[in-house]
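Student: everything below, folded, please.
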Amino acid sequence: MPPPQHVVFFHPDLGIGGAERLIIDAAVGLQDRGHKVTIFTSHRDPTHCFDEARDGTLDVRVRGNVVPPSILGRFAILCAILRQVHLILQIVYTGELRALKPSAFVVDQLSAGVPLLRWVYPPARLLFYCHFPDKLLAQKGGLLKRVYRYPFDALESWSTGCADGIVVNSNFTLGVFASVFPRLKDRKPRVVYPCVDTKNTPESTGHLWPNTRVLLSINRFERKKDIGLAIRAFARLSEAERTNTRLVIAGGYDARVPENVQYHNELAALAESLRLAHATARTIVSAQAIPANIQVLFLLSVPSGLKATLLASARLLVYTPRNEHFGIVPLEAMLAGVPVLSANEGGPTETVVEGETGWLRDVGAVEEWTRVMRGVLEGDEKGLRGMGRRGRERVVELFSKERMAKRFEEEL
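Tutor: Down below sits the predicted model:
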């Protein structure tokens, strides 16, 4: 066991998402291994964050929350950089950073502040965790958008290279990193897989709808998650096959984010156009009160406790994003013994084993997704339980919090 360190994390917005879950798990894992951990963030809503970020488990400090996240829904990357720089300068000029005496920094998502951190506090080793290159996450646009993005893309490449060490979340992201940042060809990022807590899993309160077969989708309400695929595949089941069956679409939703609001409305309109009865709920109580004839249920902002109950209620997790960088939700489902239907590309190909723990299908072939749904609804319970058991064993072996914390420790 290496000597204890003081590791300081920098994360832009500590909400509810895969990147936030990774940072929380890494911080808790390092803390459990005897290290001191502090997390700085520009925003944390106590009503919209993971439990460990608000219940005192971790030392979370909100700084630099003066610059808005966007200006009239635009200039998000510029605002994000200004927020990060403001945070760093605030803790430097108040003496807060030096008083912590950090031995290592972990910066993720946004690399712009990496050179500044190296300059203001050179003794600490700095590790950058790349979930996915930001230049590929930005929405496409015309010439004006490309001109606007050019300096930020150049800054991302240069500032990422300023880190002492670089790690990525999957072999898929590693390949993308090499192609997107050719100037960093001499850098050799390592893979540190995200994890799930295999020991302290939230307790389920039982099946939410005892007489209903549940197909479950869990994702943030963002267009890139392609949640509409789940609705279209579900709609192709016959009316008889959909009897006593419900597609539950749950996930991160923030009313401050225009895309979340717009995409939820678009998905509801899609269900309506496919003649699927739908409803929206925000709590367990309201979800349980949904009439039996509702075929598509939208659940907004799902806390950990409700997620465990949803997984306990599900026969199948339908995970629709294409070219997902990693995808933590399939791990959560497999840990809960739920088979996974996912895209046959991106990070899930490194976690889901075809025919063993779930199915990998082409996102362009909706009927293939429908066929898997049909098979799960008609399949024997013994076969599904066996697949669930193998999924759980795989997660415990390869994707535990202890394993990830040890990998972070090795990189620091």
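
Student: count the residues that sit near Leu117.
Tutor: If you count neighbours by other CB atoms under 10 Å, Leu117 ends up with 23. C-beta coordinates here come from the backbone N, C-alpha and C atoms, glycine included.

Student: any idea how far it lies from His207?
Tutor: 48 Å (CB to CB, to the nearest Å).

Student: what packs against the strand or helix carrying Lys382?
Tutor: Here Lys382, judged by DSSP states H and E, is contained in helix 381-398. Helices and strands touching helix 381-398, by 3 or more CB pairs under 8 Å, 6 or more residues apart in numbering; DSSP states H and E, are helix 329-335.

Student: ok, and what's touching the helix it packs on?
Tutor: Residues from elsewhere that reach helix 329-335 (CB atoms under 8 Å, 6 or more residues apart in numbering): 18, 194-196, 198, 201, 216, 218-219, 307, 311, 314, 317, 319, 339-340, 342, 348, 351-352, 357-358, 388, 391-392, 394-396, 399.

Student: equivalent analysis for stretch 144-159, please.
Tutor: So stretch 144-159 is in contact with 77-78, 81, 111-115, 133-135, 138-139, 141, 181, 183-184, going by CB under 8 Å, 6+ apart.

Student: among those, the buried ones, what's the ChimeraX command?
Tutor: The buried residues among those can be selected in ChimeraX (16 or more other CB atoms under 10 Å) with this line:
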select :77,81,111,112,113,114,115,133,134,135,138,181,184
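
Student: inside strands: which ones of the contacts of stretch 144-159?
Tutor: Per DSSP state E, strands hold no members of those.

Student: which of the contacts of stretch 144-159 fall within helices?
Tutor: Ile77, Leu78, Ile81, Val114, Pro115, Asp134, Lys135 (DSSP state H).

Student: residues touching the last one, list them.
Tutor: If I follow you right, that is Lys135. The contact partners of Lys135, by CB under 8 Å, 6+ apart, come to Arg149, Phe152, Asp153, Glu156, Val180.

Student: out of these, which is nearest to Val261?
Tutor: Closest approach to Val261 among the contacts of Lys135 (CB to CB): Arg149, at 24.5 Å.

Student: looks to me like that closest one is in a helix.
Tutor: Yes. Arg149 forms part of a helix when assessed by DSSP: H, G, I helix; E, B strand; the rest coil.

Student: and it, how far is that from Asn265?
Tutor: In terms of CB to CB, Arg149 sits 27 Å off from Asn265.

Student: now Glu402
Tutor: In this view, Glu402 and Asn265 are 42 Å apart by CB to CB.

Student: on that earlier part again, CA atoms only: put the helix or strand just after the helix holding Lys382 into PDB for me.
Tutor: Beyond helix 381-398 on the C-terminal side, the first helix or strand identified by DSSP H and E is helix 401-411. Extracted as PDB, the C-alpha positions of helix 401-411 are listed here (Å, rounded to 0.1, in the frame of the first residue of the first chain):
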ATOM      1  CA  LYS A 401     -14.800   0.100  -7.000                       C
ATOM      2  CA  GLU A 402     -11.800  -1.400  -5.200                       C
ATOM      3  CA  ARG A 403     -10.300  -2.400  -8.600                       C
ATOM      4  CA  MET A 404     -10.800   1.100 -10.000                       C
ATOM      5  CA  ALA A 405      -9.400   2.900  -6.900                       C
ATOM      6  CA  LYS A 406      -6.300   0.700  -7.100                       C
ATOM      7  CA  ARG A 407      -5.900   1.600 -10.700                       C
ATOM      8  CA  PHE A 408      -6.200   5.300  -9.900                       C
ATOM      9  CA  GLU A 409      -3.700   4.900  -7.100                       C
ATOM     10  CA  GLU A 410      -1.200   3.300  -9.500                       C
ATOM     11  CA  GLU A 411      -1.600   6.200 -12.000                       C
END
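
Student: that's a helix at Tyr129, yeah?
Tutor: No. Using three-state DSSP, the secondary structure at Tyr129 is strand, not a helix.

Student: how far away is it from Leu30?
Tutor: Counting by CB to CB - Tyr129 and Leu30 are separated by 13 Å.

Student: show me the contacts of helix 329-335 that map onto helices.
Tutor: Assigned to helices by DSSP H, the following of the contacts of helix 329-335 qualify: Gly18, Lys307, Leu311, Gly388, Gly391, Arg392, Arg394, Val395, Val396.

Student: just give me the closest of these to Ile39.
Tutor: Nearest to Ile39 among the ones in helices among the contacts of helix 329-335, counting by CB to CB, is Gly18 at 16.5 Å.

Student: for Cys79, see how far away the residue lying closest to the closest one once chain neighbours are set aside is.
Tutor: Spatial nearest neighbour of Gly18, excluding adjacent residues (CB to CB, 6 or more residues apart in numbering): Ile328 at 4.5 Å. According to CB to CB, Ile328 stands 26 Å off from Cys79.

Student: okay, the two: which has more neighbours?
Tutor: Shown here are Ile328 and Cys79; by other CB under 10 Å, Ile328 has more neighbours (24 against 16).

Student: that one reaches Pro194, doesn't it?
Tutor: Yes. In this structure Ile328 lies within contact range of Pro194 using CB atoms under 8 Å: 5.3 Å.

Student: any residues in contact with both of the two?
Tutor: Counting by CB under 8 Å, 6+ apart, the contacts common to Ile328 and Pro194 are Gly18, Arg21, Leu22.

Student: who touches the first one in this structure?
Tutor: To tie it back to what came earlier, the one meant is Gly18. Gly18 touches His131, Pro194, Phe326, Gly327, Ile328, Val329, counting by CB under 8 Å, 6+ apart.

Student: how close does it get to Gly375?
Tutor: 28 Å.

Student: low pLDDT regions in the protein?
Tutor: Residues of the chain that meet the criterion pLDDT under 70 lie in 139-140, 202-205, 304.

Student: those strands in it, which residues are they?
Tutor: For the chain, the strands defined by DSSP E cover 6-13, 36-43, 59-62, 104-108, 125-130, 165-168, 190-191, 213-218, 245-251, 278-281, 296-300, 314-319, 340-343, 358-361.

Student: understood, closing this out.
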